[in-house]
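S.K.: Give the three-dimensional model of this entry:
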Amino acid sequence: YQEEGAGFYDPRRKRLVLATRALGAGGFWINLLTTLTGYDLVGEFLVAHELTHALQDQHWPLPTAPEPLTDAHGDALLARHALLEGDATLAGFAYVHGGSLDAGTSRWIERRLHDLPAQLAERYPEVPEVVRATLAFQYDAGTAFAGWALAAGGWPAVDRAEADPPTSTEQVLHPARYFATRDRPIPIVLGGTDRLEAAGWRRVLDDTLGELQVRVLAGRVLPPERAARVADGWGGDRLRALARGDALVLVWLTAWVSPAEAAEFAVALPEVIPAAWSERRDDRVLVLVLPDGGGVDGAALAPRVWHATGVRAGT
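M.R.: Model (predicted):
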């Protein structure tokens, strides 16, 4: 972030910051802008980008309070950030171009942004892939998502998306699942861990991973094309982590758009998470990762989770 982040808008203090160190060091954004314009408009581009965030904050207040780890919705939050960054990226380039972007220029920007994941991997190989992927996603997929709206209905269409933002990384990765037929995530409510908690296991995380993180997880061991296929068809998920001392139990219930998609995920699981215990029922797959010698019986835990897990009322 110190090397690549050339500026940011702080929605807590309502303040815009430019990082002179990053401006002088050069980076992906600086090189991309120089290539696009033929001369240096970096400062103006960054101010336009960050002022767009300030305008977004005025009209659709940006989230500022961190979610509790035991009631988090990280996938939806990441999808929202992707739209925010994609909108601001296109607005910054539009400013450089005199206030508008033609379809050809928008597509060119999107194609160049597809290089971002590989460039981050080359520059920061020591950074975990999930960190690089979520950062790149906001600018790469986020700009393509905002560009879909811009091409369909101009800036008013982008504003309509801001007012009704995507609720999953799936919608951002596949814009037609937002703009054409809205594919809403299945809001899973995990249950069945009460006996573990009564025995001293403490909840430390309750969150939704989403299609992007499933793709990243699968991509650690599978070729990129297969990892994307395994993650495609995601319908919803909920992951709960419980800790006791140094031991950890993971309970992860995933929902898929069809039994066939669930089966494809279940088949890949032994490669993706070799230590996991899993069971598929129709279009759901339950994944348990249990500690060695931790005294947790997966065969007893699984039925309790299946029985007590449901979908949030009203959805």
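S.K.: going forward, measure contacts and count neighbours with C-alpha atoms only.
M.R.: Noted.
S.K.: quick one, strands of this structure?
M.R.: Along the chain, counting by DSSP state E, strands occupy 7-10, 15-18, 188-189, 202-207, 234-244, 247-256, 277-281, 284-289, 310-311.
S.K.: Rebuild these as JSON lines, extending it with mean pLDDT.
M.R.: Below are these laid out as JSON lines (pLDDT from 0 to 100):
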{"stretch": "strand 7-10", "mean pLDDT": "87"}
{"stretch": "strand 15-18", "mean pLDDT": "86"}
{"stretch": "strand 188-189", "mean pLDDT": "96"}
{"stretch": "strand 202-207", "mean pLDDT": "98"}
{"stretch": "strand 234-244", "mean pLDDT": "97"}
{"stretch": "strand 247-256", "mean pLDDT": "97"}
{"stretch": "strand 277-281", "mean pLDDT": "96"}
{"stretch": "strand 284-289", "mean pLDDT": "98"}
{"stretch": "strand 310-311", "mean pLDDT": "82"}
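S.K.: Please convert the ones you listed to JSON lines, extending it with mean neighbour count and distance to residue 102.
M.R.: Listed next are the strands of the chain as JSON lines, based on neighbours: other CA atoms under 10 Å; distance: least, CA to CA, whole Å:
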{"stretch": "strand 7-10", "mean neighbour count": "18", "distance to residue 102": "26"}
{"stretch": "strand 15-18", "mean neighbour count": "14", "distance to residue 102": "28"}
{"stretch": "strand 188-189", "mean neighbour count": "18", "distance to residue 102": "41"}
{"stretch": "strand 202-207", "mean neighbour count": "18", "distance to residue 102": "39"}
{"stretch": "strand 234-244", "mean neighbour count": "21", "distance to residue 102": "34"}
{"stretch": "strand 247-256", "mean neighbour count": "21", "distance to residue 102": "38"}
{"stretch": "strand 277-281", "mean neighbour count": "16", "distance to residue 102": "48"}
{"stretch": "strand 284-289", "mean neighbour count": "21", "distance to residue 102": "44"}
{"stretch": "strand 310-311", "mean neighbour count": "12", "distance to residue 102": "43"}
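S.K.: Tell me which of those sits nearest to residue 111.
M.R.: Closest approach to residue 111 among those (CA to CA): strand 7-10, 22.9 Å.
S.K.: Residue 152 is nearest to which of the strands of the chain?
M.R.: Proximity to residue 152, assessed across these by CA to CA, is greatest for strand 234-244 (25.9 Å).
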